[in-house]
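Participant: Curious how this folds, go ahead:
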Amino acid sequence: MAADRVRPTEARIQPIADVPEELRELTSVRGTGEPINILRTLAHAPNVLKRFSQMGGTLLFRTSVPDREREIVILRVGSNCRSVYEFGQHTLIGRQSGLSDAEIAGLTVDADAFAWSADDRALVDLADDLCRDDCVSDATWSALATRWDERQLVELVVTAGFYRMVSGFLNSAGVQLDAGVPGWPS
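Facilitator: Model prediction:
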């Protein structure tokens with residue numbers, strides 16, 4: 001990844017402040033009613049917001065991959081894409097899913113610099129392979145296939161791809177962190 005590329009420091013597209021009634025549920029965090037910047041920014045294109053929410057909701061709440069392992073993939077993709085918004089939002093979700101702060105920080109450094117289990121390392125490698133070359137390598141696929149069935153392999157690869165797309169949107173639109181969301185680990 002090109003670490004020298006600068007990210008916008010302010011929003012290029014302002015989140016909608018007065019969200020229309022028909023979009024209010026789609027622009028808030030599930031169960032809280034709190035609107036978040038990514039969804040209020042996507043609300044400029046209501047048709048995209050609706051489909052985005054369906055796909056994102058499916059990947060977050062309706063797959064067979066355990067939450068902790070899903071969050072390893074999402075956080076690593078966010079780190080690889082240098083998307084502070086993605087990484088910050090999923091730091092909170094990752095903690096709720098059982099990741100330690102040390103593991104979360106480990107997702108921002110070289111994979112060899114953290115003592116991952118073989119199963120977790122395969123997930124890190126999946127995210128790295130896709131972000132580097134848009135294809136999971138044979139070695140990584142073989143490692144993944146020792147634990148995950150075909151349904152889960154589909155879910156993992158699609159999750160990584162979806163969050164790579166999300167990270168690109170967040171970076172390009174300059175979506176700013178929501179209040180209370182952490183940035184990069186210290």
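
Participant: Can you name the secondary structure element that comes next after the helix or strand hosting residue 73?
Facilitator: Element membership for residue 73 (DSSP states H and E) is helix 67-80. Per DSSP H and E, the first helix or strand lying C-terminal to helix 67-80 is helix 84-96.

Participant: Let's see that next one as CSV, backbone CA atoms only.
Facilitator: Output of helix 84-96 as CSV, limited to C-alpha atoms (Å, rounded to 0.1, in the frame of the first residue of the first chain):
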residue,chain,number,x,y,z
VAL,A,84,-9.2,5.8,9.8
TYR,A,85,-13.0,6.0,9.8
GLU,A,86,-13.4,2.3,8.9
PHE,A,87,-10.8,1.3,11.4
GLY,A,88,-12.2,3.4,14.2
GLN,A,89,-15.8,2.2,13.8
HIS,A,90,-14.7,-1.4,13.7
THR,A,91,-12.3,-0.9,16.7
LEU,A,92,-15.5,-0.5,18.7
ILE,A,93,-17.2,-3.5,17.1
GLY,A,94,-14.0,-5.6,17.3
ARG,A,95,-13.8,-5.0,21.0
GLN,A,96,-17.5,-6.0,21.4
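
Participant: how about low-confidence regions in this structure?
Facilitator: For the chain, applying pLDDT under 70 flags the ranges 1-4, 30-31.

Participant: So which residues of it form helices?
Facilitator: Taking DSSP state H, the helices of the chain run over residues 37-42, 46-61, 67-80, 84-96, 101-106, 118-133, 138-145, 150-173.

Participant: What is the neighbour count of the closest residue to residue 67 other than its chain neighbours?
Facilitator: Closest residue to residue 67 apart from its sequence neighbours, by CB to CB, 6 or more residues apart in numbering: residue 97 at 3.8 Å. (C-beta placed from N, C-alpha, C; glycine too.) Neighbour count for residue 97, taken as other CB atoms under 10 Å: 16.

Participant: Residue 74 is in contact with residue 97, correct?
Facilitator: No - in this structure residue 97 lies outside contact range of residue 74 using CB atoms under 8 Å: 9.9 Å.

Participant: and the closest residue in space to residue 183 that isn't next to it in sequence, what does it touch?
Facilitator: Distances taken as CB to CB, 6+ apart place residue 84 nearest to residue 183, at 5.2 Å, with adjacent residues excluded. The neighbourhood of residue 84, defined by CB atoms under 8 Å, 6 or more residues apart in numbering, consists of 7, 177, 183, 184.
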